[in-house]
Structures are given as C-alpha cells and as structure tokens.
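Trainee: Give the three-dimensional model of this entry:
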Amino acid sequence: MKRIIGNAGGKPHVAVRDAKMEGYEFADFEYLEAMTPFPVTLFGARIPWMHQVGIPQLFGSEFTKTTFFKEYTKGLAQLDIKDTERRVGLVFRWPGISRGGGAMVLHNYPVMMQNIADPDLREERGTRIVRPFGNPVVIYVIEAFQDFLLTVGTDWYQE
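Mentor: Below is the predicted model:
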C-alpha cells in the first residue's frame, strides 16, 4: 500500500498512522478499499507454478485456464464481485520477471492503448497483455504493478 499511496503523491507514513487509528493493518487491500477512493478493488494471491505458464497460454484459448486467471475468478467469488460491474485487480508475483520485482496485476481497468507519453520511448512502460473475453466482454490486462499504477494515475488520491 505504501507504493500506491506514495505513487499518488501522498505521505505513506500518514496513511500508516491513519490506518492504525482506524484499526486496519496497513499492508492489506482492505484498508485501501475502505479508506481511499482508489478506483480498483485489489486483492492478492500467492500463485504456485507461475514459471510454468507458457506463451501460448497467454495468447491462446487457454488464457482462462491459467493459474492466475483461476485465482482471479476465485477472488471475485470470495469478494462477491462481478468484473462486468466493477474494476478489479489481482496482484501476484511472477518469478523471472525483473520489472518491478515480478509484481504483476491482472485487472480490468481501462488502458489507453494509443497514448505514448514519451515518443522517444526512453521511459515507456513495460509489456502489457490485453485479452478480451466473455459475454459481455471484459477486457483483461496483465502488466507490471508499477505500470498499473501509472495506468490508474493519481487523480483519485486526496490527503
């Protein structure tokens, strides 16, 4: 949570103090949901065997059978959330990915596909996988957590 608050221009130490005063363990997503207007409901999971997810699974019809997508749907059920009605994200580690320490997010937050902030690509974001599925269609995005924070932006945060 410190990274999310800090990325938005907030003071993480103030958020830690406020969370403890309200009875929250700062390092969980429940605090973020209850105490801030963060536009995405986040939840996390430890997912074994991520190193075995193959490229064909990411781009083929097996996408919804991957371990991370199964954890995503399991989390939706536990939170009683429909991703056709709310913005949701599963935070997980993907071993072997160096960007952002392997912290990744599978989410349905809208992304700007045509917007390149740095035309010289000096500080451009990492790889993003975008997969539409379902009826009604949900656009699923997998990207590094730090890139996700850029996607969400800072407009939501108020101290």
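Trainee: looking at this, residue 73 is in a helix?
Mentor: Yes. Counting by DSSP: H, G, I helix; E, B strand; the rest coil, residue 73 is part of a helix.
Trainee: Pull the number of nearby residues for it.
Mentor: Residue 73 has 12 neighbours, counted by other Cβ atoms under 10 Å. Glycine gets a C-beta too; all of them are placed from N, C-alpha and C.
Trainee: can you list contacts of the strand or helix carrying residue 129?
Mentor: In this structure, residue 129 sits in strand 128-133 according to DSSP states H and E. Strand 128-133 is touched from outside by 58-59, 63-64, 111, 113, 138-143, 147, with contacts defined as Cβ atoms under 8 Å, 6 or more residues apart in numbering.
Trainee: Stretch 41-49 now?
Mentor: 29, 32-33, 67-68, 71, 74-75, 78-79, 81, 86-93, 105.
Trainee: at 6 Å what do you get?
Mentor: Outside stretch 41-49, the residues within contact range by Cβ atoms under 6 Å, 6 or more residues apart in numbering are 29, 33, 67-68, 71, 75, 86, 88-89, 91-92.
Trainee: Quick check: residue 91 vs residue 148, distance?
Mentor: Residue 91 is 9 Å from residue 148, where distance means Cβ to Cβ, to the nearest Å.
Trainee: ok, those two, which is more surrounded?
Mentor: Ranked by neighbour count (other Cβ under 10 Å), residue 91 and residue 148 place residue 148 first, with 27 against 17.
Trainee: quick one, phi/psi of that one?
Mentor: phi -60, psi -40 (degrees, to the nearest 10).
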